[in-house]
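[1] Next come a sequence and a model predicted from it.
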Amino acid sequence: MKRLLVLLTLVMFTLYGCSSSLNEYSPDQVIQNALNEKNEGEAYYAESTWTTKEQGKVTETMTMKEWSSKDGKKRVETIGKDESENGITVNDGARLITYMPGDKKAFIFESEELASLNQQSPKEQAEQMLKLIKDTHEIEVIGEEKIADRNTFHLKATVKEDQSLIGNQEIWIDKENWFVLKTKSDTDEVTVKWMYTKIEFNPQMPDDLFTIDLPDDVEIESLENMLDTREVTFEEAKDQLRTSFLYIPDTKDLKIAYVGLLDLGSEMERKEVTLEYEKEGLPYLSISIFETLAETEDGQSEAIIGEEMIHVRGQEGMWSEELRTLYWQEEGLTYSIIVLDPNLSIEKLQKLLERMVHFN
């Protein structure tokens, strides 16, 4: 999938509230109710669809079925335009399994910690999206509609003077329990629409719903092994990348705290070196370096919603202010940066990166 971040629109709040008329709540109150109410653990079954359009033409479609139990167990089934895009993901609270029938492959997280990292909850995704637009968009309640047979507030969020990298949004929020039941996102020439077509609260769920019986011919790979990072020296990092690479030299205040190697295994066929920096003893930024994929060597990969193009070291790069991430390609390598210090602006970062030198 090219637009994993589009799945920010596959959202559902496990929240509680009540309302009866359009004038009872201001737009800010609707958003705050969705962010503040804490009715955790409500079980549900839901069906949803999402569609991506580029220049008015449908480019991607998907339907989804979700089961979520009161104790946090989840099952998600996705159905794409062909069998290769179908998938089943089950999280029993301690282990997460993703099964792709078309590829005859399954990926397993054996630990609860890894499973939770891999599967951000829909509520958390929704909270993140609402927080991002709360201050950067003008939000108004423009009506009340029924979505999935439930009454909703229909909100429209318009970008304030191009201050946000996230485009205009429309959001439909359940008037009774503050679930997000539908979203529509417009960015440049791309429109993404997601909505629940059916939702049922507190349904009966058998325990075996949160298990998968994998066929004998399925190839199973542990993602714990794929995501195993080990500390290495600069020499080892160069050997694994098979070329010299750029890095920011230590200064009096800025120090390299860790050099790690992540072997993504046979599935992704990629080895990634990560440099973690600290300034005055506090996390500052991390740089991940890996070989540029062949299909993106002639240009930047497609931008994700919330990114803008900037220049880095004379190259074209992509920056997300919301996610505080930057990446660009140079001399056959891709550099991906996560900014950890909230005081480090993109302008200061660009100047800092001009100091990079090769480790030969």
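    Great, that's in hand.
[2] Only C-alpha atoms from now on, for both contacts and neighbour counts.
    OK.
[3] sec struct for residue 220, please.
    strand (DSSP: H, G, I helix; E, B strand; the rest coil).
[4] Tell me who's in contact with it.
    With contact set as Cα atoms under 8 Å, 6 or more residues apart in numbering, residue 220 has these partners: 105-108.
[5] what's the neighbour count on the closest residue to residue 280 other than its chain neighbours?
    Among residues not flanking residue 280 along the chain, residue 253 sits closest, at 5.3 Å (Cα to Cα, 6 or more residues apart in numbering). Residues near residue 253, counting by other Cα atoms under 10 Å, number 9.
[6] lowest confidence element among the helices and strands of the protein?
    helix 112-118 (a mean of 50; mean pLDDT, DSSP states H and E).
[7] Specify the residue positioned farthest from the middle of the chain.
    residue 252 (35.5 Å; Cα atoms, centre = their mean).
[8] And what about that one, helix, strand or coil?
    coil.
[9] per-residue confidence for it?
    For residue 252, the pLDDT comes out at 90.
[10] Residue 181 versus that one, what's the distance?
    52 Å (Cα to Cα, to the nearest Å).
[11] And residue 230, by the same measure?
    Distance from residue 230 to residue 181, by Cα to Cα: 42 Å.
[12] quick one, which of these two is more surrounded?
    residue 181 (28 against 12).
[13] ok now the helix or strand containing that one, how far from the chain's centre?
    Assigned by DSSP states H and E, residue 181 belongs to strand 180-187. On the basis of Cα atoms, centre = their mean, to the nearest Å, strand 180-187 sits 16 Å off its chain's mean C-alpha point.
[14] What residue, apart from its backbone neighbours, is nearest residue 61 spatially?
    Nearest non-adjacent residue to residue 61 (Cα to Cα, 6+ apart): residue 51, at 4.5 Å.
[15] list the contacts for the one you found?
    58-62, 192-194.
[16] part of a strand, is it?
    Yes: applying three-state DSSP, one finds residue 51 inside a strand.
[17] Quick check: bridge partners of it?
    Under DSSP bridges, the beta-bridge partners of residue 51 are residue 61, residue 193.
[18] Kindly report the same for residue 357.
    residue 247.
[19] for residue 271, same thing?
    Applying DSSP bridges, one finds that residue 271 bridges with residue 263.
[20] on that earlier part again, roughly how far apart are the residue nearest to residue 61 and residue 62?
    Applying Cα to Cα to residue 51 and residue 62 gives a distance of 7 Å.
[21] Next: residue 359.
    In terms of Cα to Cα, residue 359 sits 45 Å off from residue 62.
[22] Show me the protein divided up by domain.
    Following the assignment in automatic domain parsing, the chain carries domains at 4-222, 228-359.
[23] Lowest average confidence across those domains, which one?
    When those are compared on mean pLDDT, domain 4-222 scores lowest, with a mean of 76.
[24] and it, how far from the chain's centre?
    That offset, for domain 4-222, works out to 12 Å (Cα atoms, centre = their mean).
[25] where exactly do the strands run in the stretch 151-300 of the chain?
    According to DSSP state E, counting those that start in this stretch, the stretch 151-300 of the chain carries its strands in the segments 168-174, 180-187, 190-201, 219-222, 229-231, 245-247, 254-263, 271-279, 282-291.
[26] JSON lines please, covering those strands and showing distance to residue 311.
    What follows is the strands of the stretch 151-300 of the chain, written out as JSON lines (distance: least, Cα to Cα, whole Å):
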{"stretch": "strand 168-174", "distance to residue 311": "25"}
{"stretch": "strand 180-187", "distance to residue 311": "21"}
{"stretch": "strand 190-201", "distance to residue 311": "23"}
{"stretch": "strand 219-222", "distance to residue 311": "38"}
{"stretch": "strand 229-231", "distance to residue 311": "30"}
{"stretch": "strand 245-247", "distance to residue 311": "17"}
{"stretch": "strand 254-263", "distance to residue 311": "23"}
{"stretch": "strand 271-279", "distance to residue 311": "22"}
{"stretch": "strand 282-291", "distance to residue 311": "17"}
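[27] Nearest to residue 76, out of the ones you listed?
    Closest to residue 76 of the strands of the stretch 151-300 of the chain is strand 190-201 (Cα to Cα; 13.8 Å).
[28] what does that closest one rub up against?
    With Cα under 8 Å, 6+ apart, strand 190-201 has contacts from 6, 9-10, 42-56, 147-149, 181-186.
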